[in-house]
Structure formats: structure tokens, C-alpha cells
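In: Below: sequence and its predicted model.
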Amino acid sequence: ETGVTQTPRHLVMGMTNKKSLKCEQHLGHNAMYWYKQSAKKPLELMFVYNFKEQTENNSVPSRFSPECPNSSHLFLHLHTLQPEDSALYLCASSQGVPGASGSLGADTQYFGPGTRLTVL
Amino acid sequence: KQEVTQIPAALSVPEGENLVLNCSFTDSAIYNLQWFRQDPGKGLTSLLLIQSSQREQTSGRLNASLDKSSGRSTLYIAASQPGDSATYLCAVRARGGGSQGNLIFGKGTKLSVKP
């Protein structure tokens, strides 16, 4: 059992729906990440938050809207999605991010179990 | 741009066999390389992390090697067991801060160990 939980574990939504994915980490970490894992494609980084501030948006379409109210919680708000957005969405956390003082490249990321999203 | 390739994409072996999974990367300027395991419907579990200054790391029946100059890493699994069945992912972290330090993943090798 990891210290990173994600809900829901499975989600089916229509293209006009609005839904949110939730991630919570119980590890006292300061950085949190959203990744997308599509079939037959490598894991893709979407967003990075460090101390609640977004430090990276990897050219993600605006129909994906992240929110980080505190260092323990991360949300991904979804609206007007496309069928090609169907994927496994993984959340991860780490003590710090690369480049932060004292943590350059040194922090292991801990992953949650993911949310399997299907867009109809 | 860093690219990570894993060969083969899938592998099926009988129980007890020793096996090697391969990972290659295009830019040798990495900070470290990490091997993960992913079980169906679950997240990633870190198996081994090799710093750029290291040649190999071992954990139980797993041994990971790194040849940075040639852009290659191998994950050796000894005496494979059905419980080893999973997808194995390789990821590299480049030197530098910000987005340069993000993990770049391969597509993974799906391993099936048959009793």
C-alpha cells in the first residue's frame, strides 16, 4: 500500500460531462504530479506542483484543469473531454522537485494506483 | 530531446528462467535511471535506482546495470517466478533543474512468467 491514494479508481464520462479526479498523499511531501498513461504510449508528465504552486504545464489542453489547495491534495478537473483522453491518470508525490534547493535530481516519486478514465 | 526505448515490448517465459529486459536512451547526460514495476490496474513501484556515477544496483533477484556512454541499461531477473509477471518501466532523469529534471519513461516491457 503506497502513501498516495487516488479516487475514483474508475470513471466513465460523456464528452459533455464535468468530473474531477482526486489525489491525496500521506507522506509529508511538497511536490505532486499528474501523469497520463495511454495505451501503447510512454507515461507522459502533465503537471507539476511544488508547495502548492504550479511549476510545470507540459502543453496540456485547457480541458484539463489542475488544482492544488495544499501540499497533500491535488485535483484534476475534467470538462469537455474527447475519446482520445481515455487513459490511466496517475498521481505521484516527492519530497521536492529537481532544481529545488538541496534536492536536485534526488527525490524519488511515489505513485498512486491511478484512475482509469473512459470518455464515451 | 531525450527518448527512452524498451525492448522487447512483451516477453513470455517459463518459471525459473533467468531473463534480461533492455532499456536504451538517446541522451547520455542523465542524472539517474530508475526501473519501475507496474501491476495491472495499479500504480508504479520503484524497483531500483542507479545514479549516473554507478554501474549497477542489486535488490534480491533483481540486478540493474547502467552503461551511460552507450545509453543502455539492463534489468536482470534471476529465477523468474509467476509473481514477477507485470509491466517493467524504465525512466531516466536528466541533469538540470526544472523541466530538465523530469522523468522520461519508456513504453515498458510486459513480462509474463508461466508456471
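Out: Arrived safely.

In: For stretch B:89-100, give the mean pLDDT please.
Out: Averaging pLDDT along stretch B:89-100 yields 75.

In: What of stretch A:78-96?
Out: Across stretch A:78-96, pLDDT averages out at 93.

In: what's the answer for stretch B:61-76, then?
Out: Averaging pLDDT along stretch B:61-76 yields 96.

In: Could you do stretch A:112-120 as well?
Out: 95.

In: How about stretch A:60-74?
Out: Taken as a whole, stretch A:60-74 has an average pLDDT of 95.

In: buried set for it?
Out: A:V60, A:F64, A:P66, A:C68, A:S71, A:S72, A:L74 (16 or more other CB atoms under 10 Å in any protein chain shown). Backbone N, C-alpha and C define where each C-beta goes, glycine included.

In: residue contacts, the last one?
Out: With contact set as CB atoms under 8 Å, 6 or more residues apart in numbering or on different chains, A:L74 has these partners: A:K22, A:C23, A:E24, A:Q25, A:M32, A:W34, A:Y49, A:P66, A:E67, A:C68, A:C91.

In: Counting only helices, which of the buried residues of stretch A:60-74 make the cut?
Out: Assignment to helices by DSSP state H places none of those there.

In: Between those, which sits nearest chain B?
Out: A:V60 (13.1 Å; CB to the nearest CB).

In: tell me the contacts of the residue positioned nearest the centre of chain A?
Out: Among the residues of chain A, A:W34 comes closest to the average C-alpha position under CA atoms, centre = their mean, at 2.0 Å. With contact set as CB under 8 Å, 6+ apart, A:W34 has these partners: A:C23, A:L45, A:M46, A:F47, A:P66, A:L74, A:L76, A:Y89, A:L90, A:C91.

In: can you do 10 Å?
Out: By CB atoms under 10 Å, 6 or more residues apart in numbering or on different chains, the contact set of A:W34 is A:21, A:23, A:44-49, A:56, A:58, A:60, A:64, A:66, A:68, A:74-76, A:89-92.

In: Show the buried residues in these.
Out: Buried among the contacts of A:W34 (16+ other CB under 10 Å): A:21, A:23, A:44-49, A:56, A:60, A:64, A:66, A:68, A:74-76, A:89-92.

In: Can stretch B:65-74 be said to contact chain A?
Out: No: judged by CB under 10 Å from any CB of the partner chain, stretch B:65-74 stays clear of chain A, getting no closer than 14.1 Å.

In: how about the strands in the chain?
Out: Going with chain A. Under the criterion DSSP state E, chain A contains strands at A:4-7, A:10-13, A:18-25, A:31-37, A:44-50, A:53-57, A:64-70, A:73-79, A:87-94, A:110-111, A:115-119.

In: look at chain B instead
Out: Counting by DSSP E, the strands of chain B are B:4-7, B:10-14, B:19-25, B:30-38, B:44-51, B:56-59, B:62-67, B:72-77, B:86-94, B:103-105, B:109-114.

In: okay, now the nearest residue to B:S69 once chain neighbours are set aside: neighbour count?
Out: The shortest distance from B:S69 to any non-neighbouring residue, by CB to CB, 6 or more residues apart in numbering or on different chains, is to B:S28 (6.1 Å). By other CB atoms under 10 Å in any protein chain shown, 14 other residues sit near B:S28.

In: go on, B:P115?
Out: Around B:P115 there are 7 residues (other CB under 10 Å).

In: what's the spacing between it and B:T5?
Out: Look at B:P115 and B:T5: by CB to CB, to the nearest Å, they are 30 Å apart.
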